[in-house]
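# let's see this in three dimensions:
(2 chains)
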Amino acid sequence: MFFSSNLLVLKHMEVQICEQKEHGQIIEISGDFAVDGPRRKNDVCGGAACGFSDAGTRAKDAKERHASMRKLFLTVALCIIFMSIEVAGGIKANSLAILTDAAHLLSDVASFTISLFSLWASGWVATPRQTYGFFRVEIIGALVSIQLIWLLAGILVYEAVIRIIHGTGEVHGFVMFVVAGFGLLVNVVMALLLGHHHHGHGHGHVEHDHGQGNSSHGDHDHGHGHHGVNVMTHHQHHNLNQSEAKHEKKSQLKQNISVQGAYLHVLGDSIQSIGVMIAGAVIWYRPKWKKIDLICTLIFSVIVLSTTIKMLRNILEILMESTPREIDTTILQEGLCRMEEVVAIHELHVWAITVGKILLACHVKTKPDADADVVLEKVIDYIRREHNITHVTIQIEK
Amino acid sequence: MENSRVSRDNFGVESGSRFSYHRSKSLGFQTTQGTAQQLWNGEFGFSGNDRRFAFSRQSSFHQSAEPHTPISIISNDSIRPLLSRSDSSINIPQGSYPQLENENIWKGTEKSYFREADGSSENFSFLLFVFSAFQIIRSGSRPMKRLLMMIWLNVAYSTAELCIGLFTGRVGLVSDAFHLTFGCGLLTFSLFAMAASRKKPDGVYTYGYKRLEVLSAFTNALFLLFLSFSLAVEALHAFIQDESEHKHYLIVSAVTNLLVNLLGVWFFRNYARINLVYRNAEDMNYHSVCLHVLADSIRSAGLILASWFLTLGVKNAEVLCLGLVSVTVFMLVIPLFRTTGGILLQMAPPNIPSSALSKCHRQITALEGVNEVSEARFWELVPGHVVGSLSLQVKKGEDDHPILVYVYGLYHDLGVQDLTVQTDYW
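Next up is the predicted model:
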């Protein structure tokens, strides 16, 4: 499969790669092959029922998904264990605070279950009603997760207010401190479990993101020797390394969004626990200052909400079908217009199914005498090479 | 095909008074947004008398989603559509946005932060965005003004409740006030979505902002689901605890709450149905707002009922009433949740049955120049605006223009406005 996509790139006689004009080089590929194998479309999308994946990317997807699922599973199991400990302890000590914390952990479990379910669902094969596959389920699951965080923050503030009003008088600062400390410990353990895996999976992410592109470039170099084609390879390499470095940096930030959501949840919980610990310590020290409970809760709730803003913004941008941040449509349009047969581009839409899977659709207007086939391949190649978008639908108009 | 088209047009003109549609000037395709809807409606069993549509007597109900032209982001001085489609060989009917005076406001604010796509100026442009949204609300449509009035009412009421509750130390009032505040926040988001969705598509949001309405409908539905769960938990709580610890609900607050929410239901009475057919994005938003206030009023009614039963001495009155309310709200909200979820998940449009799609598929494959049709994907941007992409494999040397015209015609009849067709030559 890589071999034949290799053929695609080298198929045409003279390909001028305009982007490299900055380097002052023009790459000429002269060669002569007969292409009778399967065409590019089938290569990229592997056959009839392309549900947005082919054998290559689907295997990598599945691997990453299993890794994330395993992590979430462990976290859920840990959470349930801790929750049962807390419930047992709370019933024994007959303390409402501990039971409330156990209820909080229960909501954690609910949120993780949602993330787990959406992770699992995103691996389902595409159906005729759901033509793009189920990748969006992740995003919706993450949205629900974040809404849960907001809801919980609201409930905590409400309970703090109620505590002030009830004013039963006996607020055990010590108990608060200990319970919150235990909660913090649990959350830290879970955060470490879920954690950001920057370095370990960095290369894995690069491969995942590039999918076809990377490996076909790798074979590109082999192919030259085989087919007797003159290519100045080191400039290609240079470009490749540049874009590879760029993509590696970006992919390090792209942890799976469900795991990210769970991580945010745990982070929010630990921040709240820190707040309760501070309040508990203060009350333990000075039992008179009960209002500090409410103030601390408010402040820390606001902090928790502000951590979710960034992820919420990403989710909203994807759900609104907006152009992903890594693509700049102006550059794309300019690059396409610089090709000589292309007169204009219109109806350009770039949008993401989920984090990292980008689609493009546009209408390209060409000169009347241009060969539609050639233009199509040039455009697709340019988009794939420069902007790393593999799933494109281009309508050529004369 | 000509005859059937003529007869369909007649059908469209007959019930034309029910819908407001926009005749577009184009060469090849004499079809409009409204009649396009009616075409497939007529085919698949909906009649003009179908009560599942929400009809409004207000004239401000014109805002249907129409095919839009993306705005060029390269031009420096003026905003003009990207190479208007009359130059292209396929003449797709051009729609245009209804000209509202609001657009000038949007254009003015847009120019001031046109090119800023980086994160550093994010906050600044977001504030401008919010500010201009409020300007629009002031000159907005009737449902928007009504929603604003409702929000003010709710805010006033909940602040009053909160203050009274804090001063007198009544827990029930405070909890009710919190609940109302949450609801108010959601309604404000709905209002914001209504205002913001009029903005034209730009370089970053190539499909425009109409999705915001669907998002706000989804958030409302989610909140209602949470509400029903929390009511169920409360019912369980009341079941476990013994009689002495029951909260005695304050009748006055419940009655006021009920009245305020019933006013809201009256404002949006066109949408007081469980299963609604959505014709455009605003339908969804209004429906979700209506369900929100309806659920709130059911909850207040349930609380009043519970207090009354308690005075009557019925055992477990609370559990019964709360459980009933929880189940009702759940049933109320599930259809909306599923529809909005389906749109956000980019599911195939529910109003185009798969048999129609496969029929189109077969018809295209039956053309002599076409080898294969692959990757036919359709999704709904907002209810009423279907986007699709298709990949054809055509025999080498074949002229693709008549094929493309045919394909466009086929799908346009189904209601797919934006279609991108990629032709590969074998």
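# could you say which helix or strand contains residue A:392?
strand A:391-397 (DSSP states H and E).
# given that strand, what are its sheet partners and their directions?
strand A:357-366 (parallel) (DSSP bridges).
# residues in contact with the strand holding residue A:392?
Strand A:391-397 is contacted from outside by A:44-45, A:52, A:357-366, A:372, A:375-376, A:379-380, A:383-384, B:88-90, B:375, B:389-391, B:420-423, using C-beta atoms under 8 Å, 6 or more residues apart in numbering or on different chains. (Glycine included, C-beta is placed from N, CA and C.)
# secondary structure element for residue A:353?
strand A:342-354.
# show me what that strand packs onto, helices and strands only.
helix A:136-166, helix A:291-319, helix A:329-337, strand A:357-366 (3 or more C-beta pairs under 8 Å, 6 or more residues apart in numbering or on different chains; DSSP states H and E).
# need the next SSE after the longest one, C-terminal direction.
Beyond helix A:136-166 in the direction of the C-terminus, DSSP H and E gives the next helix or strand as helix A:173-194.
# from the rest of the structure, what touches that following helix?
A:71-72, A:74-75, A:78-79, A:82, A:86, A:95, A:97-98, A:101, A:104-105, A:259, A:262-263, A:266-267, A:269-270, A:273-274, A:276-277, A:279-285, A:287.
# show me where pLDDT drops low in the stretch 51-200 of chain B?
B:51-126, B:129-130, B:132-134, B:136-138 (pLDDT under 70).
# for the stretch 251-398 of chain A, same thing?
For the stretch 251-398 of chain A, the ranges with pLDDT under 70 are A:251-254.
# now with 50, please.
A:251-253 (pLDDT under 50).
# and the lengthiest helix in chain B, is it in reach of chain A?
Longest helix in chain B, counting residues (DSSP state H): helix B:281-312. No. Judged by C-beta under 8 Å from any C-beta of the partner chain, helix B:281-312 and chain A are separated, with a smallest distance of 12.0 Å.
# just checking, next helix/strand downstream of that helix?
Helix B:281-312 is succeeded, C-terminally, by helix B:317-344 (DSSP H and E).
# may I see the buried residues of that following helix?
Using 16 or more other C-beta atoms under 10 Å in any protein chain shown as the test for burial, helix B:317-344 gives B:317-326, B:328-330, B:332-333, B:335-337, B:339-344.
# circling back to that earlier point, buried only: go through the contacts of helix A:173-194 for me.
A:71-72, A:75, A:79, A:82, A:86, A:97-98, A:101, A:104-105, A:259, A:262-263, A:266-267, A:269-270, A:273-274, A:276-277, A:279-284.
# hang on, residue A:352 packs against residue A:324?
Yes. Between residue A:352 and residue A:324 there is a contact at 4.7 Å, judged by C-beta atoms under 8 Å.
# and the strand holding residue A:353, which strands flank it?
When DSSP bridges is applied, strand A:342-354 pairs with strand A:357-366 (antiparallel).
# give the other helices and strands that the longest helix of chain B contacts.
Counting by 3+ C-beta pairs under 8 Å, 6+ apart, helix B:281-312 packs on helix B:142-168, helix B:171-196, helix B:211-240, helix B:251-267, helix B:317-344.
# thanks a lot, catch you later.
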